[in-house]
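**Q** next input, structure requested:
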Amino acid sequence: MGGEEDVVKLLDEDGVEHEFSVVDVLEVDQRRYAVLQPVVGGEESETAVIFRMEDDTLVTIEDDAEFERVRQAFEAVDIEAPGDHPVPTEGQSEPSH
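**A** Numbering: from 1, shown residues only. Predicted structure coming up:
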């Protein structure tokens, strides 16, 4: 992926802006999730975070079981279509909507 449309900016609890590259959007259990990769110093990080999509808002996943279901679904998609996608490693992420 490349280009401005694939980058989102989120504010953390301190009001600090963070940029994320959109890795994938997938549906699990009739809910949509965004897999995002932090952009640090213009470079993409090797980790990824997952947010639940509710209307126009990205929500941190608080439930470990929900996070694990989404992570496994993402890994299954990545196995079917291997690429340079990072594997999400964080159940909760710092930045919020």
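**Q** so Ala69 touches Glu27, yeah?
**A** That one is not Ala; residue 69 is Arg. No. Arg69 lies out of contact with Glu27 (CB atoms under 8 Å); the separation is 11.5 Å. Glycine gets a C-beta too; all of them are placed from N, C-alpha and C.
**Q** of these two, who's got more company?
**A** Arg69 (16 against 11; other CB atoms under 10 Å).
**Q** which residues sit in contact with the more buried one?
**A** Val28, Asp29 (CB atoms under 8 Å, 6 or more residues apart in numbering).
**Q** mind checking the SS state of it?
**A** What DSSP: H, G, I helix; E, B strand; the rest coil gives for Arg69 is helix.
**Q** distance check, it against Glu17.
**A** Using CB to CB, to the nearest Å, Arg69 is found at 30 Å from Glu17.
**Q** now swap in Val23 and tell me
**A** Relative to Glu17, Val23 is positioned 19 Å away (CB to CB).
**Q** of these two, who's got more company?
**A** Shown here are Val23 and Glu17; by other CB under 10 Å, Val23 has more neighbours (23 against 9).
**Q** for the residue lying closest to the more buried one once chain neighbours are set aside, give me its contacts.
**A** Among residues not flanking Val23 along the chain, Val35 sits closest, at 4.3 Å (CB to CB, 6 or more residues apart in numbering). By CB under 8 Å, 6+ apart, the residues touching Val35 are Val22, Val23, Asp24, Val25, Leu26, Ala48, Val49, Ile50, Phe74, His85, Pro88.
**Q** and these, which is the shakiest by pLDDT?
**A** In terms of pLDDT, the lowest of these is His85, showing 55.
**Q** which is the next helix or strand following the lowest-mean-pLDDT helix or strand in the chain?
**A** When the helices and strands of the chain are scored by mean pLDDT, DSSP states H and E, strand 43-44 comes last with a mean of 76. Helices and strands here follow DSSP states H and E; after strand 43-44, the next one along the chain is strand 49-54.
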